[in-house]
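Novice: Give me a model of this one.
(2 chains, ligands or ions: 3)
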Amino acid sequence: MAEMKTAAYVCRGCGIGERIDTARTAKVAEKEGKVQLVRQHDFLCNAEGVQLIRDDIEKEGVTHIAIGACSRRSKTEAFYFPTVALSRANLREGVIWTQPETEEARETTQEMADDYVRMACAEVKKMKLPAGNPEVGHAKRLLVVGGGVSGMTAALEAAKAGYSVVLVEKTGSLGGWAAKIHQRVPFHEPYQDPAPTGVTELAAAVTGDPGIKVYLNATLSRTSGAPGRFKVQIATESGGSSAEEVGAIVQATGFTTYDIAKLPELGGGKSPNVVDQAGLEKLAMEAAAKGQPIRRPSDGGEVKTVAFVQCAGQRDETGTHLPYCSGHCCATSIKQAMYFKDANPGVDTVVIYTDLRVPGNGEDFYRSGQSKGVTFTKGKVSSVEAGGNGCKVNFHDLILDDKNASIQADLVVLATGQVPVSGVNIEKQEEMPAEEKKVISILNLDYRQGPDLPQLKYGFTDSHFICFPYETRRTGIYAAGPVRRPMDMVQAIEDATGATLKAIQAMENAELGRAAHPRSGDLSFPSFRVDGCTQCKRCTVECPFGAIDEDEQRYPVFNESRCRRCGTCMGACPVRVISFENYSVDTVGSQIKAVDMPDEFSEKPRILVLACENDAYPALDMAGMTRTQYSAFVRVIPVRCLGSVNSIWITDALNSGYDGVMLMGCKHGDDYQCHFVKGSELATYRMSKIDDTLKQLALETERVATYEVAITDIARVPRLINDYAAKINEIGMSPLKGFA
Amino acid sequence: MGDMNIQAIEQYRSDFLKEVEERVEEGHWVKMCMQCGVCSGSCPFGPHWAHPPQEIFMMIRAGKREEVLSSDSMWMCTSCYNCVVRCPRQLPITQIMHGLATYAHRLGLAPRNQPTRDFSILFWENCTKTGRVNELKLTLGVYFREGLMAGIKKAWNMRNIGFGLLLTKRLNPFELFKGHACKDQKGIHAMLKKAQEIEARRHKLPA
Ligand code: SF4
Ligand code: SF4
Ligand code: SF4
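Specialist: Ligands and ions are numbered 1, 2, ... in the order given. From the prediction side, this is the model:
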C-alpha cells in the first residue's frame, strides 16, 4: 500500500455545530490526532460533503479517514469508501443527543466530542484496509446429509435455485420417517382429514433431478475443509468410498423415537397392544395394504376403543424422560384417531391430554377431530395396565378432579417424543457414560474441536431458533428439520428451505472471501504473528466456530472461511499476536489511550465502556435517538463481540487513569443472545479473573463491571451508566491517574 | 316417565354422549367443547353450581349419566347468555343447559323440589291451560308450594305490594275464579301438541 495519508472531517450538521465548538474539535484532530488534513463541513453526508471526501481520496491521496459526525451505524451508504480505512467519531447519538442542552453542560459535552475525535484519529491510524481473504473456495455444490422430508426438500430447493447437490442417506431408500407413516396431518385448508404423505412423489423428484446425486446406504467418513471447499469422503455400505467437493452442508439427520421400553409404567414393551405413534403408523400401513381395518395386535380382534396417551415420556419434570414437548404429537394423535373414526365412526377414540398443543393450523384439525367424534379428555395418565387383550388406562381426570378415572381400551397409543440424531456431543464427550460414547459421528469433521456440530439443549444442534435459525457453530454447515428442534413435517419443509438459502449464501460469500452471518460481507480475517505465539492453544479452544486447527508443531492454523470474525481468538490470546487488519489490540488500545485524562482533583472521572456492536452499541445509539441522557464521563468503544475484549485493554485503561470500566455484552447461557454464541460467556469468564489484576493494582473490584445488555434495553443502558457513574463517585477517583 | 328412562338406558347402553347428542336440544355441540373453562368463569352463578357448564360437558363425555341428569346445576341457569357470547367454540351453552334440564325432567330424573324446576312446571301448566299466563294464580302457586302455613306467611309478607298492585289496578282478584283466556284455546292446545310431536321426532323420543 502507498504511504499513509490521514484526514479528519468534522460535521456541523444535525445540530452538532450549535452544540459543539467544531473549530476546537478540528484543532484537536490536527494537533493531538496528528491528522494531515482536517476539514469541517455543514452537512457532511450530503452529496457535496461526500464529494469533498471523495476528492480528497482521489486527488490528495488520502488513505485513512476519521469522520466525526453521526454514529458509525448511520449514513453507512453515504460514508462508504471501500478503498480507504475509515473510523467514525460518534458526535451525534453519542454526544449531543445524550447530553443536556444547557450552558453548564457545554464544557463536558465539548470534552466528550473532542475525546471521540481523538479516539477516531488514533484508531484509524492503526487500521489497514482489508486485503481480502487469501483462502477462497469455489465449490458451489451443496451436500445434504439425510434423505428424509427435510433433506429431500433441501436438495430440491437448491437444485431449483441452480445449485448441484450431493445427497447422502444412510438407509437404502429416500423418505425417512415420512415413508413410514400411513398419512400425514393436512398442510392445506380445510385442515379436516389426513392427507397422503406425498413422499413417493418427493423421492421421485429427487432421484429424477439431474442436478442431484444421491448416495444410498452411505455415510460420511470424513469431512474437512471450509465453506467453498469442503472435502467429504462418502463411505458406502458395500465398502466403497467416493470423494466429493462441496461448498456448504445442510445437515438434516432428523430424529428417532423415544424408546417406548423406557415407559413400562405406561405399558411400554409390556403388550403388543401398547404401541407408540410410529407403531400405530405401522399397523395402519399394514391394515391399509390388506384393505382391512386396524386389528388388535395381540389376537387380531376387533378394535372398539383406542386410547391415546399424550406427552408419554415427554414434558417430564422428574428428570427421567424427555423434558421437552415435541410439538407434533397432539396433531399426530388426532390424525391417528381419525384413521379409526373415518373407517368406522363406532370405534371409540379417546385422547387423554394435559394441554392440547396444535401449532400452525392445527386448531382447525382439532375441531375436525371433535366433530368426527374423537373424545378429548383432559387428564394425566398415571399407568396403563396391559396384559391379555385389553388395557386399562388409569388417569387423573383434571376437569372432574377424579384421581381414579380409568378406561378400558383394546389399543393404547403412546405419544412419545422426538430424539434428535445429532451425532456426538463434542462438548460432553469426556464425561459421557460408556454407552453414549458409542454414538456414531455423522459428519466426522476433522476439526480440532470435534467431529460433529455442537449441541445446545437436549441433544439438539445449537442454533438460536428465534434470531438465527439454521445457524450452527460450524460455518457453512446448517441444520434443518427435527435435528434442530422438534417439529412436524410442514415445519421441516419450511426449515429445509431456509437452511438451503443460508447454505447458498455461505457458498457465495466463501467464493468472495467474505464472512457469513453476522458480520456478513466482512473482508477482514484474523492473522497471527508466529514468532510471538506460545502455542498455548487458547485460541483454538475458544473459537466458538471451530475455525482454528493446529499444525504438527501445534501452532494455530486459521481457516479463514470458517471464521466469523468475532475476534474471540484475539481476546483470548495472552500474548496478543492475533489481529485483524481493521480491528486489533492496537486499534482499540490506542483509542483507550487517546482519551484526555483529567487529573485526580478535576472531579471529572472517566469511565470506559466496551460495548458489543450487535446489541449494546445500537441500544446506546437508540438511547441517543430518544434523547435519553447519560453521564458525560463515559467514553464508549464498540467491540465486535465481548469475546474479543483482551484483558490488556482493561489493564491499560486502569493504568492510564480510568476510574471504571463497563463491559456490555449479550446474554449468555442456554438462552443466549450472543451473536457469536460463546463470546459473551467467555468474556464474562475471563473478567471473573480480573479481580487479581485489580488487587495487584490496589484497586477496588467495582472498577470493572460486566453487564448483559439486549438491543431493546434502550431505557436501561443509560440507567446502568448513571448508576455506575454514581458508584464511581462514591468510591472515589482512581489513584492511578497521572502515572501513565 | 320411569319407563322412558329405562328405555333410554337400554337404547344407548353406556354411550351417554350419543344420547345427549340425539335427545337433548343442541346436544350435538357437546363434543365441540375444548375445555377452556371460559363459560364457567363467565357464569354469574358458576361458583355456586355443583357443576358449571364446562364440567357438565366433560361429565357427559365421561359417561356420567346419573350424575348429570340428576344434577340441579343446569336448573340454575338464568339465561344471561354470558357464556354463549364468550365461548371461543361458539357452543349454544344456554340452550344446552335448558335442553339437559328438560330432558332430565322428562326422564323423571330431575331433582325433586328444586325451586326453578317447580316454578317451570307451574308456569308451563298455568300458561298452556288457557293460552294466557294467570299471574295471580302463578304467584299464589309459588307461595303455597311448600304448604299452607308457608304460603300464608309469604302472602302476609308481601301484602303491601299486593295492595299497592290492587290500588294501581295491576291486580284483579277475580282472576282467581275465572281468569281471562285466549280466544282459541283448542287451537293453542293443538299447536302445542304438534310442536311436541315434532320435537319428539327430532330428538328420537319414544312417542
Ligand atoms: S475466534 Fe472468531 S475471529 Fe477468531 S478464528 Fe474463531 S471465528 Fe474467527
Ligand atoms: S367456553 Fe365453550 S369451549 Fe370453553 S369450556 Fe365452555 S363450552 Fe367448552
Ligand atoms: S346462560 Fe346460564 S350457563 Fe350461561 S352464563 Fe348465564 S346462567 Fe351461566
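
Novice: quick one: pLDDT of the residue of chain B most remote from its centre?
Specialist: Distance from the C-alpha centroid of chain B peaks at B:Leu167, with 33.8 Å (CA atoms, centre = their mean). Looking at B:Leu167, its pLDDT reads 93.

Novice: those strands in the stretch 151-300 of chain A, which residues are they?
Specialist: A:165-168, A:212-215, A:218-224, A:230-236, A:241-246, A:248-251, A:255-257, A:274-276 (DSSP state E, counting those that start in this stretch).

Novice: And for A:Glu189, the neighbour number?
Specialist: Applying other CB atoms under 10 Å in any protein chain shown, we find 8 residues neighbouring A:Glu189. Heads up, the C-betas are built off the backbone N, CA and C, glycines and all.

Novice: ok, now which ones touch it?
Specialist: A:Asn361, A:Asp364 (CB atoms under 8 Å, 6 or more residues apart in numbering or on different chains).

Novice: Quick one: neighbours of residue 21, just the number.
Specialist: This is for chain A. A:Asp21 has 14 nearby residues by other CB under 10 Å.

Novice: ah, I was thinking of chain B
Specialist: 19.

Novice: quick one: contacts for it?
Specialist: B:Gly27, B:His28, B:Val30, B:Lys31.

Novice: which of the residues you listed lies closest to ligand 2?
Specialist: Set against ligand 2, the nearest of these by CB to the nearest ligand atom is B:Val30 (8.5 Å).

Novice: can I assume the closest one sits in a strand?
Specialist: No. Applying DSSP: H, G, I helix; E, B strand; the rest coil, one finds B:Val30 to be helix, outside a strand.

Novice: ok, back up a step: any idea how far ligand 3 is from the residue farthest from the centre of chain B?
Specialist: Separation of B:Leu167 from ligand 3 (CB to the nearest ligand atom, to the nearest Å): 36 Å.

Novice: Just the buried subset of the contacts of B:Glu21, please.
Specialist: For the contacts of B:Glu21, a burial check counting by 16 or more other CB atoms under 10 Å in any protein chain shown picks out B:Gly27, B:Val30, B:Lys31.

Novice: where's stretch A:173-181 relative to the chain centroid, distance-wise?
Specialist: From the chain centre to the centre of stretch A:173-181 is a distance of 30 Å (CA atoms, centre = their mean, to the nearest Å).

Novice: do the same with stretch B:157-167
Specialist: Computed by CA atoms, centre = their mean, the chain-centroid distance of stretch B:157-167 equals 29 Å.

Novice: on that earlier part again, possible to save the buried ones among the contacts of B:Glu21 as TSV with pLDDT and distance to ligand 3?
Specialist: Putting these into TSV (pLDDT from 0 to 100; distance: CB to the nearest ligand atom, whole Å) gives the following:
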residue	pLDDT	distance to ligand 3
B:Gly27	96	15
B:Val30	97	14
B:Lys31	96	18
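
Novice: Can you say which of these are also within reach of chain A?
Specialist: B:Lys31 (CB under 8 Å from any CB of the partner chain).

Novice: May I see the buried residues of stretch A:673-689?
Specialist: In stretch A:673-689, counting by 16+ other CB under 10 Å, buried: A:673-684, A:686-687.

Novice: Show residues contacting it.
Specialist: By CB under 8 Å, 6+ apart, stretch A:673-689 touches A:462, A:464, A:467-468, A:473, A:518, A:542, A:544-545, A:564, A:566, A:568, A:571-572, A:612, A:614-615, A:640-645, A:647, A:650, A:663, A:665-669, A:672, A:704, A:706, A:708, A:710.
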